[in-house]
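K.L.:
Please find the sequence and the predicted model below.
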Amino acid sequence: MTFSIKEASERLGCPAHKIRYYEKEGLLPYIQRDEHGNRLFEQEHLDWMRLMSCFRATGMKVSTLKHMVHLALNGDSTIPQRKSILNEYKEELQRRQLELAEALEAVNNKLVIYDEIEKGRLPSESQLLDQMKSISKNNS
(Lines give C-alpha, C1' and ligand atoms only; values in the text may rest on other atoms or scores of the structure.)
Protein backbone atom coordinates (compact mmCIF):
# COMPACT_ATOMS: atom_id res chain seq x y z
CA MET A 1 0.00 0.00 0.00
CA THR A 2 1.31 3.44 -0.90
CA PHE A 3 0.62 6.72 0.84
CA SER A 4 0.56 10.27 -0.45
CA ILE A 5 2.61 12.87 1.38
CA LYS A 6 -0.58 14.05 3.08
CA GLU A 7 -1.36 10.53 4.30
CA ALA A 8 2.26 10.00 5.35
CA SER A 9 2.18 13.28 7.23
CA GLU A 10 -1.01 12.28 9.04
CA ARG A 11 0.29 8.81 9.90
CA LEU A 12 3.60 10.19 11.17
CA GLY A 13 2.07 13.18 12.94
CA CYS A 14 4.54 15.55 11.35
CA PRO A 15 4.19 18.31 8.77
CA ALA A 16 4.62 17.47 5.09
CA HIS A 17 7.41 20.05 4.78
CA LYS A 18 9.48 18.01 7.24
CA ILE A 19 9.08 14.92 5.08
CA ARG A 20 10.05 16.91 1.98
CA TYR A 21 13.09 18.30 3.81
CA TYR A 22 14.21 14.83 4.92
CA GLU A 23 13.89 13.56 1.36
CA LYS A 24 15.74 16.59 -0.04
CA GLU A 25 18.56 15.98 2.44
CA GLY A 26 18.84 12.36 1.33
CA LEU A 27 17.49 10.85 4.55
CA LEU A 28 14.63 9.05 2.79
CA PRO A 29 16.10 7.04 -0.05
CA TYR A 30 14.15 5.37 -2.82
CA ILE A 31 10.98 7.46 -2.69
CA GLN A 32 8.98 6.74 -5.83
CA ARG A 33 6.81 9.26 -7.65
CA ASP A 34 3.60 8.85 -9.58
CA GLU A 35 3.02 10.07 -13.13
CA HIS A 36 2.27 13.57 -11.74
CA GLY A 37 5.50 13.75 -9.73
CA ASN A 38 3.80 13.18 -6.37
CA ARG A 39 5.77 11.23 -3.80
CA LEU A 40 4.58 7.71 -3.03
CA PHE A 41 5.48 6.32 0.38
CA GLU A 42 5.50 2.69 1.48
CA GLN A 43 5.13 1.62 5.10
CA GLU A 44 8.90 1.03 5.18
CA HIS A 45 9.46 4.71 4.35
CA LEU A 46 7.22 5.72 7.25
CA ASP A 47 9.11 3.39 9.61
CA TRP A 48 12.41 4.84 8.40
CA MET A 49 11.07 8.37 8.86
CA ARG A 50 10.00 7.55 12.43
CA LEU A 51 13.53 6.34 13.16
CA MET A 52 15.06 9.49 11.64
CA SER A 53 12.63 11.66 13.64
CA CYS A 54 13.53 9.77 16.80
CA PHE A 55 17.23 10.39 16.23
CA ARG A 56 16.58 14.07 15.45
CA ALA A 57 14.51 14.44 18.63
CA THR A 58 17.61 13.43 20.59
CA GLY A 59 19.58 16.17 18.89
CA MET A 60 21.41 14.03 16.34
CA LYS A 61 22.68 16.26 13.55
CA VAL A 62 21.33 15.92 10.03
CA SER A 63 24.92 15.46 8.83
CA THR A 64 25.30 12.42 11.09
CA LEU A 65 22.02 11.01 9.83
CA LYS A 66 23.13 11.58 6.23
CA HIS A 67 26.33 9.68 6.96
CA MET A 68 24.35 6.83 8.54
CA VAL A 69 22.03 6.64 5.52
CA HIS A 70 25.00 6.71 3.15
CA LEU A 71 26.58 3.83 5.06
CA ALA A 72 23.30 1.89 5.11
CA LEU A 73 23.00 2.28 1.34
CA ASN A 74 26.42 0.68 1.02
CA GLY A 75 25.20 -2.54 2.59
CA ASP A 76 25.72 -4.70 5.63
CA SER A 77 29.50 -4.45 5.40
CA THR A 78 29.11 -0.97 6.95
CA ILE A 79 27.26 -2.24 10.03
CA PRO A 80 30.40 -2.03 12.22
CA GLN A 81 30.79 1.65 11.27
CA ARG A 82 27.11 2.36 11.94
CA LYS A 83 27.30 0.56 15.28
CA SER A 84 30.35 2.61 16.22
CA ILE A 85 28.53 5.87 15.41
CA LEU A 86 25.48 4.79 17.41
CA ASN A 87 27.56 3.58 20.37
CA GLU A 88 29.33 6.95 20.55
CA TYR A 89 26.00 8.71 20.30
CA LYS A 90 24.51 6.43 22.95
CA GLU A 91 27.31 7.43 25.36
CA GLU A 92 26.54 11.10 24.71
CA LEU A 93 22.83 10.51 25.32
CA GLN A 94 23.58 8.70 28.58
CA ARG A 95 25.76 11.63 29.72
CA ARG A 96 22.99 14.08 28.86
CA GLN A 97 20.45 11.85 30.60
CA LEU A 98 22.50 12.02 33.80
CA GLU A 99 22.73 15.81 33.52
CA LEU A 100 18.98 16.04 33.02
CA ALA A 101 18.34 13.72 35.98
CA GLU A 102 20.49 15.99 38.18
CA ALA A 103 18.67 19.07 36.89
CA LEU A 104 15.29 17.44 37.55
CA GLU A 105 16.38 16.56 41.07
CA ALA A 106 17.43 20.19 41.65
CA VAL A 107 14.05 21.43 40.41
CA ASN A 108 12.19 18.95 42.62
CA ASN A 109 14.28 19.96 45.64
CA LYS A 110 13.57 23.63 45.00
CA LEU A 111 9.84 22.90 44.76
CA VAL A 112 10.00 21.14 48.15
CA ILE A 113 11.76 24.18 49.60
CA TYR A 114 9.08 26.49 48.21
CA ASP A 115 6.37 24.28 49.71
CA GLU A 116 8.13 24.47 53.06
CA ILE A 117 8.46 28.27 52.81
CA GLU A 118 4.74 28.56 51.99
CA LYS A 119 3.90 26.41 55.03
CA GLY A 120 6.08 28.61 57.24
CA ARG A 121 8.52 25.80 58.04
CA LEU A 122 11.48 27.53 56.41
CA PRO A 123 12.46 31.19 56.34
CA SER A 124 11.62 33.22 53.28
CA GLU A 125 14.07 32.98 50.43
CA SER A 126 14.15 36.78 50.46
CA GLN A 127 15.54 36.66 54.01
CA LEU A 128 18.25 34.24 52.92
CA LEU A 129 19.16 36.49 49.99
CA ASP A 130 19.29 39.52 52.30
CA GLN A 131 21.65 37.60 54.61
CA MET A 132 23.90 36.72 51.67
CA LYS A 133 23.86 40.36 50.58
CA SER A 134 24.84 41.55 54.02
CA ILE A 135 27.66 38.98 54.27
CA SER A 136 28.92 40.07 50.87
CA LYS A 137 28.97 43.74 51.93
CA ASN A 138 30.86 42.89 55.14
CA ASN A 139 33.53 40.97 53.21
CA SER A 140 34.10 43.82 50.73
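P.N.:
Right, received. Where do you want to start?
K.L.:
distance between the longest helix along the chain and the chain's centre?
P.N.:
If you go by DSSP state H, the chain has its longest helix at helix 79-118. Between the centre of helix 79-118 and the centre of its chain there are 13 Å (Cα atoms, centre = their mean, to the nearest Å).
K.L.:
Buried ones in that helix, by neighbour count?
P.N.:
82, 85, 89, 117 (16 or more other Cβ atoms under 10 Å). The way it works is simple: take the backbone N, C-alpha and C, and place the C-beta from them, glycine included.
K.L.:
any idea of the mean pLDDT in stretch 116-135?
P.N.:
For stretch 116-135, the mean pLDDT works out to 87.
K.L.:
Equivalent analysis for stretch 33-52, please.
P.N.:
pLDDT averaged over stretch 33-52 gives 95.
K.L.:
do the same with stretch 78-85
P.N.:
pLDDT averaged over stretch 78-85 gives 98.
K.L.:
got a list of contacts for it?
P.N.:
64, 67-68, 71-72 (Cβ atoms under 8 Å, 6 or more residues apart in numbering).
K.L.:
now these in TSV, with distance to H45?
P.N.:
Shown next, in TSV, are the contacts of stretch 78-85 (distance: Cβ to Cβ, whole Å):
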residue	distance to H45
T64	20
H67	20
M68	16
L71	19
A72	14
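K.L.:
With secondary structure, neighbour count and distance to N139 as extra columns, can I get those in TSV?
P.N.:
As requested, the contacts of stretch 78-85 are exported to TSV (DSSP: H, G, I helix; E, B strand; the rest coil; neighbours: other Cβ atoms under 10 Å; distance: Cβ to Cβ, whole Å):
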residue	secondary structure	neighbour count	distance to N139
T64	helix	16	49
H67	helix	14	54
M68	helix	21	55
L71	helix	16	59
A72	helix	15	61
